[in-house]
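*Asks:* Here's my sequence, what's the structure:
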Amino acid sequence: MRARTLAAVSAGAVLASLVAGVPARAERTEETAETSRAAPEGLAWGPCEDIAPVGDEALECATLTVPLARSADGARVNGLQDTVELALSRVPATGRAEHTMLVNPGGPGSAGRMWAAHTHRRMPAELREIYDVVSFDPRGVGASTPSITCDPGFFAPVRRDTVPADADAEAALRAGAEEYARACEKNTGPLLDHVRTEDTAHDMDAIRAALGEETIDYLGYSYGSYLGTVYSALYPDRVRALVLDSVVDPDKPWYESNLTQSRALERAADGFFDWVSRHDDAYGLGTDAGQVAEAYYSLRSDLAAAPAADTVGPTELEGAVIVVSYSGGTWPRVAEALSARINDGDDAPLVSLHEAYGDDADSDRGYGGYLAVQCTDARWPEDWSTWHDDAAALHADTPFMGWHNIWYNAPCATWGAESDDWFQVGDGYGEHPAYDGDALVVHATRDGATPVEGAYSLRDRLPGSALVIEEGGLTHGVSLTGNTCVDDVVTAYLRDGVLPARAGGERADVTCEGRPEPRPRTARTAPETMVERLGPVGLESPGKPGSYE
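*Replies:* Numbers count the residues shown, from 1 in each chain. The predicted structure is shown next:
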């Protein structure tokens, strides 16, 4: 499942009564603001030379060297001296730091360092004052080294149509996936054997230790939710507060998760088609969802015959428009681009959409990083007939991304590194007990990247958790993005270590009203949304985003 982290904002309802707090971390000794920002435990914080500034956030960068290979308990494997260098970033508290939060925006395969600044900036002043926020590029991606490198030329347009016309077309697509898997193995080397989610969780604890912290707070979006639950199972005594947003279903390993995701993406796309139809005066693509969908698929067929500007074929189209299943904030721009091409024959907005959201040569490291984790985190079908049969059934029901999602993950069928059993969150793993501490789970009901059913599954598996549901929420990633109801719960938990009271049965513990649907922009010169400025980040599967509005 590939999920960029497109977080939304929405309106608030009344906060539920708050009970059952987490023990607060011991207070730090008195220190000045200046000394509290000094480098602990040998981390040398300095200017971030390769990250663009975010507002006036005081972003600092450092590196941390960790073992390439570890045993199950996180210890260095004897005789193996190879290391990995992790790239870190930090925004210090504006006042006296009382807590440190580690942030992951999703993926896998997504660089994360920018999110220290974005997260700190979105926090209310009362949290900014007491929190150092730290983020990192997971091993193999971003500025961390060594790098995962596969084949940047794989993304050169125009790519093969993801919906195979016949057996020969399917064989060609399969051969391309196998070639990409071989390129990853050849060009990356031993690192591919050490990028399971457990490896990154062990890295997180090394970061905690280097920061000189007994415990950390954690905020993880999308795949970052799974990473957070694995970390909490491996290191249950090192967690003070755990916020898991837009969660991965703990009961569905990656192959099964991607099949389920395709159905959620379809539901979200149907919502987009319906919205466009209700604004036919702005877009002229049809007065009901079926007509809009027909216009979209007709365009897809036209692009297969004649790609827009020799750049956007059907696969590039899918890679760009998938953002509508991640964030309602992208709907106006996507609708404008479709309307311009379908009604006016204007390719430029469609090409611009592809450049903003689609894959290109720069996607290679993120895509390779995504595969490196997913292909080894769990076992995949060895018989291609299983993939084919599932794809054919999916396409019949979910033509929006059914085949596209299959091919995005197809390199896992012949991946060079060994896969292992899925780390079953909530059941414990080997010698590790199940995490029974407090956690706050947050999810929007209309999230297309991670189906909301997974949030209820995770609530069941974490008995100390509370679930906040954004009813009608359109966007993947909710916490600290403007929904007053959600943000008040998150803030109270982070500030005081207090969760909402757990409701009985299988229902949500807090339900917040989602933000209204977007409105068509009145002009092409209208201000861009945050999603459009930042672009989608943190891919987890075919052209899927993971960024913020």
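*Asks:* so who does Arg446 touch?
*Replies:* Shown in contact with Arg446 (CB atoms under 8 Å, 6 or more residues apart in numbering): Arg267, Ala268, Gly271, Val452, Gly472, Gly473, Leu474, Gly514. In this view, the C-beta of every residue, glycine as well, is placed from N, C-alpha and C.
*Asks:* repeat that for 10 Å
*Replies:* By CB atoms under 10 Å, 6 or more residues apart in numbering, the contact set of Arg446 is 8, 264, 267-268, 271, 325, 328, 452, 470-476, 514, 517.
*Asks:* cool, Glu382 as well?
*Replies:* Glu382 touches Ala413, Thr414, counting by CB under 10 Å, 6+ apart.
*Asks:* Using the three-state scheme, assign it.
*Replies:* The three-state assignment at Glu382 reads coil, by DSSP: H, G, I helix; E, B strand; the rest coil.
*Asks:* pLDDT wise, what is it at?
*Replies:* pLDDT for Glu382: 91.
*Asks:* which residues in this protein form strands?
*Replies:* With DSSP state E, the ranges of strands along the chain come out as 18-21, 46-47, 60-67, 83-91, 99-104, 131-137, 216-221, 239-245, 439-444, 465-471, 498-500, 510-513.
*Asks:* Of all the ones you listed, which one is nearest Asp73?
*Replies:* strand 60-67 (12.3 Å; CB to CB).
*Asks:* Thr94 versus the closest residue to Asp364 other than its chain neighbours, what's the distance?
*Replies:* Of all residues not flanking Asp364 in the chain, Pro152 sits nearest, at 4.2 Å (CB to CB, 6 or more residues apart in numbering). Distance, Pro152 to Thr94, using CB to CB, to the nearest Å: 40 Å.
*Asks:* Show me the shaky parts of this protein.
*Replies:* 1-42, 77-81, 428-433, 523-549 (pLDDT under 70).
*Asks:* So in it, which helix runs the longest?
*Replies:* When the chain is parsed with DSSP state H, its longest helix is helix 254-277.
*Asks:* Centre of the chain to it, how far?
*Replies:* 16 Å (CA atoms, centre = their mean, to the nearest Å).
*Asks:* again, but for stretch 414-425
*Replies:* Centroid displacement of stretch 414-425 relative to its chain, using CA atoms, centre = their mean, is 20 Å.
*Asks:* Show me which residues of that stretch are buried.
*Replies:* Thr414, Trp415, Gly416, Ala417, Ser419, Trp422, Phe423, Val425 (16 or more other CB atoms under 10 Å).
*Asks:* before we move on, what about stretch 248-258?
*Replies:* Residues of stretch 248-258 classed as buried under the neighbour-count rule (16+ other CB under 10 Å) are Val248, Asp249, Pro250, Asp251, Lys252, Pro253, Trp254, Tyr255, Ser257, Asn258.
*Asks:* could those be laid out in TSV, adding distance to Arg208?
*Replies:* TSV is the format used below for these (distance: CB to CB, whole Å):
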residue	distance to Arg208
Val248	22
Asp249	27
Pro250	23
Asp251	28
Lys252	29
Pro253	27
Trp254	27
Tyr255	32
Ser257	28
Asn258	31
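*Asks:* Name the member of those residues with the shortest distance to Gly109.
*Replies:* Checking those against Gly109 by CB to CB gives Trp254 as the nearest, at 12.7 Å.
*Asks:* Is it correct that the closest one is in contact with Val373?
*Replies:* Yes - under the criterion of CB atoms under 10 Å, Trp254 makes contact with Val373 at 8.7 Å.
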